[in-house]
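Chemist: Return a 3D structure for these sequence lines:
(chains A and B)
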Amino acid sequence: MILLENVTKRFPGGQEALSGLSLTVDKGEMMFVTGHSGAGKSTLLRLIALIERPSSGQVIVDGQNTRRVKRRRIPKYRRQIGMVFQDHKLLYDRPVFDNVALPLIIAGVGHRDAGRRVRAALDQVSLLHKEKQNPETLSAGEQQRVGIARAIVTRPKLLIADEPTGNLDPDLSLEVMRIFRRFNEVGVTLLIASHDIALIDKLGCRRIALEDGRLQEGGETDEWH
Amino acid sequence: MALTRNADAVAPVRSSGPISIWMARHASTSLASLGRLFRHPLSSMMIVLVIAVTLALPAAINLVVKNARSISGGWDNALDFSVFLKQELTESEAEALGRLMEQRADVDSVTFISASQALGEFKEQSGFGAALDQLPDNPLPHTLVVRPGAGNTAASMALLHEELENLPETEYVQVDTEWVQRFHAILDIVRQAILIGAALLSIAIIVIIGNTIRLDIENRRDEIEVTKLIGASNAFVRRPFLWTGFWYGLFGGLMALALVYYGLFLLQGPVARLAGLYQSNISIAAMSLAEAAAIVGLGVFLGLFASWFTAARHMRRIEPR
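Modeler: Predicted coordinates for the structure are as follows:
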């Protein structure tokens, strides 16, 4: 699903966020990326979301080489990936329902269809009863679940999440991870950046560790160990 | 891809026709933009008012020129002919000719100006008094100023002109149209000036709307970033701002019409009084439907252009970080 070949990302200052990184995420896999802040986790996800482009090397997502995705086509490319952010990135001038409906509106899904799918997505994160509320009135965990509902409402094959539990206490973190796990069970590929190794080990998924933009020796664990 | 226990979510992506979706999207975006304007009524009103005043100004001046032209157009039919008679005619012969002319149906009145009268006037007005005294005899002819009747058409005026010219006693006929022509030339200049002024004011409107939209974009920067992050195209994020520009232009244009019509309403009384004094039936011509539509249309066009231009410039810069 995701293939990185010898990817380097150098910033204008000359500093390297990723140095010759190669990795594979299989279809239907749920994989974690760990590492200290500044190790390159976010840069990795940003390359996949085409927020950044690699300085050298190839990033191939679902068979598409991101190098060949023209600037004009980026919106369409992003629509096939669900994205979850540490700070939720919700819009606070509109209710939960409208936040979750936004990707469908962007994709041009008809009104009635969109309504059904938004409710289905909210149901999956158990927030159906809060659809009319403003995200501001929700707890951090609930806001993150709204963010997840928004990411999955278009039913993407790939979901990437950058520190989705970064602001949550352990109980809420586990709940969010369980939601991710359920998506994975129905075939969604997930790549999640997190530094919460204890939590990841509880889930028993494959994880890789980054250090200074490289794969950390021995940082990789096998799936289902 | 089945994600859920909910049967709805498993249904394939079903979308209505692309055109109906496109229209529905525009309808909802336009209403949302309108709602946004009404949520800040005072600042929206100020901008609409500025646009309205800027549009109303050239429109009002244009209306004044149009009315001046139509009033002076009426004067074309009341032109006097100055008939300069041949030198050999005596004063009494000339006067008799004048009385004869006055009998004509197409002539209203004839004023006789004798050669000595004309010379006296010329001495007074030209300042060549002493020099003219040196002349052995009066070089000026007797003159008849013929005022045509009100019932004349352009054709009968031309006929009268020709007949006066063909009289054996006539040396030369002069039609006093020059001042009307000059007046029309002045009106043409004013009209040109309005066009130039309107062009400059249009630029002002573009700057005003563009600046407002720019602030709006800055205020909604986060929203734009987030929507772009989840796959919105530039066209999608630009759309609400285009609608905002459209509404500003539309309301500005309509308000400009209201201002012009209010001005006309205020002038109605004084003009009627003036017409009464001149025992004439002049009245103010209002704007034609095409002119009114042009003002509103110009407002809408400027609003759309300004917002499109601004949004295109700023939208590109706002990319997710």
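
Chemist: counting contacts, what elements does the lengthiest helix in chain B pack onto?
Modeler: In chain B, taking DSSP state H as the definition, the longest helix is helix B:234-277. If you count contacts as 3 or more Cβ pairs under 8 Å, 6 or more residues apart in numbering or on different chains; DSSP states H and E, helix B:234-277 packs onto helix B:18-39, helix B:41-75, helix B:178-219, helix B:221-229, helix B:289-315. Using the backbone N, CA and C atoms, a C-beta is placed for each residue, glycine as well.

Chemist: between it and helix B:41-75, how big is the angle?
Modeler: Here the directions of helix B:234-277 and helix B:41-75 differ by 40 degrees (axes from the mean of the first three to the mean of the last three Cα atoms, to 10 degrees).

Chemist: possible to save the helices and strands packed on helix B:234-277 as a markdown table with mean neighbour count, mean pLDDT and distance to B:Thr153?
Modeler: Listed next are the helices and strands packed on helix B:234-277 as a markdown table, based on neighbours: other Cβ atoms under 10 Å in any protein chain shown; pLDDT from 0 to 100; distance: least, Cβ to Cβ, whole Å:
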| stretch | mean neighbour count | mean pLDDT | distance to B:Thr153 |
| --- | --- | --- | --- |
| helix B:18-39 | 13 | 83 | 54 |
| helix B:41-75 | 17 | 86 | 13 |
| helix B:178-219 | 15 | 88 | 17 |
| helix B:221-229 | 18 | 90 | 68 |
| helix B:289-315 | 19 | 92 | 29 |
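
Chemist: out of these, nearest to A:Asp93?
Modeler: A:Asp93 lies closest to helix B:221-229 among these, at 7.3 Å (Cβ to Cβ).

Chemist: quick one: the closest one to helix B:178-219, angle?
Modeler: Relative orientation of helix B:221-229 versus helix B:178-219 (the same axes, to 10 degrees): 70 degrees.

Chemist: contacts for helix B:221-229?
Modeler: Residues outside helix B:221-229 that contact it (Cβ atoms under 8 Å, 6 or more residues apart in numbering or on different chains): A:49, A:51, A:75, A:78, A:83, A:89-91, A:93, A:102, A:106, B:217, B:236-237, B:315, B:318-321.

Chemist: how about 7 Å then?
Modeler: Helix B:221-229 has contacts (Cβ atoms under 7 Å, 6 or more residues apart in numbering or on different chains) with A:83, A:89, A:91, A:102, A:106, B:237, B:318-320.

Chemist: related to what we said a few turns ago, out of the helices and strands packed on helix B:234-277, flag the one nearest A:Leu4.
Modeler: Per Cβ to Cβ, nearest to A:Leu4 of the helices and strands packed on helix B:234-277: helix B:221-229, 21.0 Å.

Chemist: Report the distance from that closest one to the chain centre.
Modeler: Centroid displacement of helix B:221-229 relative to its chain, using Cα atoms, centre = their mean, to the nearest Å, is 45 Å.

Chemist: Check whether the residue most central in space within chain A sits in a helix, strand or coil.
Modeler: By Cα atoms, centre = their mean, chain A has its centre lying nearest to A:Ile160, at 1.8 Å. Classification of A:Ile160 using DSSP: H, G, I helix; E, B strand; the rest coil returns strand.

Chemist: isn't it right up against A:Phe85?
Modeler: No: assessed by Cβ atoms under 7 Å, A:Ile160 is found out of contact with A:Phe85, at 9.7 Å.

Chemist: Residue of the stretch 151-300 of chain B nearest chain A, please.
Modeler: Nearest to chain A in the stretch 151-300 of chain B, going by Cβ to the nearest Cβ, is B:Gly231, at a distance of 3.5 Å.

Chemist: Now do the phi/psi pair for that residue.
Modeler: B:Gly231 adopts backbone torsions of phi 100, psi 20, taken as degrees, to the nearest 10.

Chemist: Counting neighbours, what do you get for it?
Modeler: The tally of other residues near B:Gly231 (other Cβ atoms under 10 Å in any protein chain shown) stands at 23.

Chemist: Please name the nearest non-neighbouring residue to it.
Modeler: A:Arg79 (3.5 Å; Cβ to Cβ, 6 or more residues apart in numbering or on different chains).

Chemist: show me what contacts that neighbour?
Modeler: Here A:Arg79 is in contact with A:106-107, A:154, B:231 (Cβ under 7 Å, 6+ apart).

Chemist: picking that back up, so for A:Gly38, which of the helices and strands packed on helix B:234-277 sits nearest?
Modeler: The nearest among the helices and strands packed on helix B:234-277, by Cβ to Cβ, is helix B:221-229 at 21.7 Å.

Chemist: CA atoms of that closest one as CSV?
Modeler: Presented in CSV, the C-alpha positions along helix B:221-229 are these (Å, rounded to 0.1, in the frame of the first residue of the first chain):
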residue,chain,number,x,y,z
ARG,B,221,-7.0,30.9,7.0
ASP,B,222,-7.2,27.9,9.3
GLU,B,223,-10.5,26.8,7.7
ILE,B,224,-8.9,27.0,4.3
GLU,B,225,-5.9,25.0,5.4
VAL,B,226,-8.0,22.3,6.9
THR,B,227,-10.3,22.0,3.9
LYS,B,228,-7.3,21.8,1.6
LEU,B,229,-5.7,19.2,3.9
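
Chemist: quick one: average confidence on stretch A:211-225?
Modeler: Mean pLDDT, stretch A:211-225: 66.

Chemist: And the contacts of the lengthiest helix in chain A?
Modeler: Counting residues, the longest helix found in chain A (DSSP H) is helix A:170-185. Residues outside helix A:170-185 that contact it (Cβ under 7 Å, 6+ apart): A:30, A:125, A:141, A:144, A:148, A:152, A:159, A:164-165, A:168, A:190, A:192, A:196, A:199, A:203, B:3.
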